[in-house]
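1. How does the following fold in three dimensions:
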Amino acid sequence: MTEQTHFGFETVPVGDKARRVRAVFDSVAPSYDLMNDLMSAGLHRLWKRFTLARTGLRPGDAALDVAAGTGDLTVGVARQVGRAGRVLHTDINREMLEVGRGRIVDAGLVDRVLTVQANAEQLPFADARFHAVTIGFGLRNVTDKDAALRELARVTRPGGRVLVLEFSKPLLPLLAAVYDQYSFKVLPALGDAIAGDAASYRYLAESIRRHPDQATLAAMMAAAGLEDVRVHNLAGGIVAVHVGHRY
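-> Residues are numbered from 1 along each chain as shown. Here you go, the predicted model:
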C-alpha cells in the first residue's frame, strides 16, 4: 500500500506532495512578496525582524536559511554576519530562489550569500557547519517535518540555534474563529484577484491548519536533537517563533 500524507486537507501519496508543493510555489513566486504584505497587512516584516533579533549571529559567522524563497530572512542574516560571514540561501523551488536572488543582488549582498537549490529533508551540507539556521514559513510545506528538523539540527554547530518562524495556533477561541473566516474566505479571494490563483492560496490556508501546534512542534524539535526549545507567540499565536539550541 502506498504511504500517504496530506496536501492541505487532501490525502495524497507521499511521493506526490513535493511535486504539488513545487507547483504551488511556481505559481505564486512572482506575486509572493506582494501577497505577504497584503495578507498580513505588513506584519510579516515585524515577525521576521523578531526572528532575526534572536539568531545570536555575529560578524564572521556562517548562517543557513532553509526554504528561504524570496530571501527576506536571508538578507537579514547576511547583514548580521557582515562581509566576513557567509550565508546559504536555499529552497527546493527554483522559481522562488530566482526571486530571492534578485533581492540579494539589489541589497548588495552577493559577496556573502550563496544560493543553492536544496531539499530541507536532505541538506547537502556538512555536520555542525552553521552558527544559526532559519526557516521562515516553510516547514509546514515539508513532507517529512521530523526529517527536516533532524537535518536542521545536524548542520547547526554546538552553541548555535535553529529558528522556526511559522503560522501556528491562535490562543483565543474568538481569534481562531475570525482567523478561520479570513483564511478560507478572504485569502483565496485575494489570491485570485492579485495572483490569479485562488487554489494555491486555499492550499496555503489548509496547510496552516495541518501544521503542528506550538507544543507539538517544540516536542518535535527536542526529538530532533535540539535543547531548551523556547516558543514565542506573536499576533495571539497566529504566528510563533520556535528557537532551539544545539549544545
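2. Would you mind measuring from Glu95 to Arg22?
-> To Arg22, Glu95 is 9 Å away according to C-beta to C-beta, to the nearest Å. To be clear about C-beta, it is placed using only N, CA and C from the backbone, and glycine gets the same treatment.
3. who touches Gln214 in this structure?
-> When contacts are counted by C-beta atoms under 8 Å, 6 or more residues apart in numbering, Gln214 is found next to 168-169, 231, 233, 237, 240, 242.
4. For the residues you listed, please prepare a markdown table with the additional fields distance to Leu52.
-> Putting those into a markdown table (distance: C-beta to C-beta, whole Å) gives the following:
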| residue | distance to Leu52 |
| --- | --- |
| Ser168 | 18 |
| Lys169 | 23 |
| Val231 | 17 |
| Asn233 | 17 |
| Gly237 | 20 |
| Ala240 | 16 |
| His242 | 15 |
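5. tell me the mean pLDDT for the strand ranked longest in the chain?
-> For the chain, the longest strand by residue count, based on DSSP state E, is strand 156-167. Strand 156-167 carries an average pLDDT of 98.
6. Show me what that strand is packed against.
-> Contact here means 3 or more C-beta pairs under 8 Å, 6 or more residues apart in numbering; DSSP states H and E; on that basis strand 156-167 packs against helix 43-52, strand 130-136, helix 145-154, helix 214-223, strand 239-245.
7. Just send those back as CSV, with distance to Arg103 too.
-> Shown next, in CSV, are the helices and strands packed on strand 156-167 (distance: least, C-beta to C-beta, whole Å):
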stretch, distance to Arg103
helix 43-52, 13
strand 130-136, 14
helix 145-154, 23
helix 214-223, 28
strand 239-245, 21
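8. hmm, back to that, please identify the buried residues of the longest strand of the chain?
-> Burial within strand 156-167, assessed by neighbour count using 16 or more other C-beta atoms under 10 Å, is assigned to 156-157, 160-167.
9. got any ranges where the protein has weak pLDDT?
-> Judged by pLDDT under 70, the chain has its weakly predicted residues at 1.
10. mind listing the helices for it?
-> Listed in chain order, the helices found in the chain under DSSP state H are 14-28, 32-40, 43-52, 72-81, 94-106, 145-154, 173-181, 187-195, 198-210, 214-223.
11. Deepest-packed of those, please.
-> Sort the helices of the chain by mean neighbour count, taking mean count of other C-beta atoms under 10 Å, and helix 72-81 sits at the top with a mean of 24.
12. what inclination does that one have with respect to strand 130-136?
-> Between helix 72-81 and strand 130-136, the angle formed by their directions is 150 degrees, by axes from the mean of the first three to the mean of the last three C-alpha atoms, to 10 degrees.
13. From the contact counts, what lies against helix 72-81?
-> Secondary-structure packing of helix 72-81 (3+ C-beta pairs under 8 Å, 6+ apart): helix 43-52, strand 62-66, strand 86-91, helix 94-106, strand 130-136.
14. Take the ones you listed and write them to a markdown table, including distance to Leu152.
-> Rendered in a markdown table, the data for those read as follows (distance: least, C-beta to C-beta, whole Å):
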| stretch | distance to Leu152 |
| --- | --- |
| helix 43-52 | 14 |
| strand 62-66 | 7 |
| strand 86-91 | 11 |
| helix 94-106 | 18 |
| strand 130-136 | 5 |
